[in-house]
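*Asks:* missing the sequence, but the structure's below:
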């Protein structure tokens, strides 16, 4: 084998190794996770209010009373929280906050949602269920959200979590939501804070 052929073979091998290394790096390197953190210090920001509620028999043509608002943290007024109020007298109804997150199109993700919920008192009765959602579609009804556990497990703050594997559509959109669902015939107030969402 002459020197020219040997050099060509060596260069070809080097080229194959470089191309293979670049391809491995492109297709197999782990991407940085997409992370969303919100403590609601300055308001609801990109979060929107939504609900799935029964009609109020005492006010024909209207849903039962509800409200989602930005609220000053009672323990530290320099911080904010989300205040959830709903009239559960009809023993039904779900209210939540939601937002859209832009991800890559047609890609598999593991989405993890974590948030803290404040209950005014501990109760063995299930007054409300804590609900959440992570996925590719805008949640529009109570059935779209998952029950993460009962509220009122403690007096004060408790952290709730959800992890979902899903695939984005052609628009690359993902949605996250968290809120409460009525389980007892009474008016109820809860607070939400420190939402953390991670997609990887």
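*Replies:* Sure thing, it's come through. None of the values given here were measured: they were computed from a predicted structure.

*Asks:* low-scoring stretches of the protein, by residue?
*Replies:* Residue ranges of the chain with pLDDT under 70: 1-31, 73-78.

*Asks:* Determine which residue lies closest to the centroid of it.
*Replies:* In the chain, the residue lying closest to the centroid (C-alpha atoms, centre = their mean) is residue 176, at 3.1 Å.

*Asks:* Can you verify my assumption that that one contacts residue 112?
*Replies:* No - Residue 176 is beyond contact range of residue 112, at 9.8 Å (criterion: C-beta atoms under 8 Å). In short, each C-beta sits where N, CA and C put it, glycine included.

*Asks:* Now for those two: what residues contact both?
*Replies:* Counting by C-beta atoms under 8 Å, 6 or more residues apart in numbering, the residues touching both residue 176 and residue 112 are 134, 197.

*Asks:* circling back: not counting sequence-adjacent ones, nearest residue to the residue nearest to the centre of the chain?
*Replies:* residue 197 (5.0 Å; C-beta to C-beta, 6 or more residues apart in numbering).

*Asks:* Assign the one you found to helix, strand or coil.
*Replies:* Here residue 197 takes the strand state, with states given by DSSP: H, G, I helix; E, B strand; the rest coil.

*Asks:* tell me the contacts of it?
*Replies:* Residues near residue 197 by C-beta under 8 Å, 6+ apart: 35-37, 101, 111-114, 134, 176.

*Asks:* picking that back up, from residue 185, how far off is the residue nearest to the centre of the chain?
*Replies:* 30 Å (C-beta to C-beta, to the nearest Å).

*Asks:* what does residue 168 give?
*Replies:* In terms of C-beta to C-beta, residue 168 sits 40 Å off from residue 185.

*Asks:* Give the residue from the two that has the larger number of neighbours.
*Replies:* Comparing residue 168 with residue 185 by other C-beta atoms under 10 Å, the one with more neighbours is residue 168, at 21 against 12.

*Asks:* pretty sure the more buried one contacts residue 105?
*Replies:* Yes - using C-beta under 8 Å, residue 168 makes contact with residue 105 at a distance of 5.8 Å.

*Asks:* so what sits against both of these two?
*Replies:* Shared contacts of residue 168 and residue 105 (C-beta under 8 Å, 6+ apart): none.

*Asks:* What separation do you get for residue 123 and residue 152?
*Replies:* From residue 123 to residue 152 the distance is 4 Å (C-beta to C-beta).

*Asks:* could you measure the residue lying closest to residue 46 once chain neighbours are set aside against residue 92, distance?
*Replies:* The shortest distance from residue 46 to any residue other than its chain neighbours is 4.9 Å, reached at residue 99 (C-beta to C-beta, 6+ apart). The gap separating residue 99 from residue 92 is 25 Å, by C-beta to C-beta.
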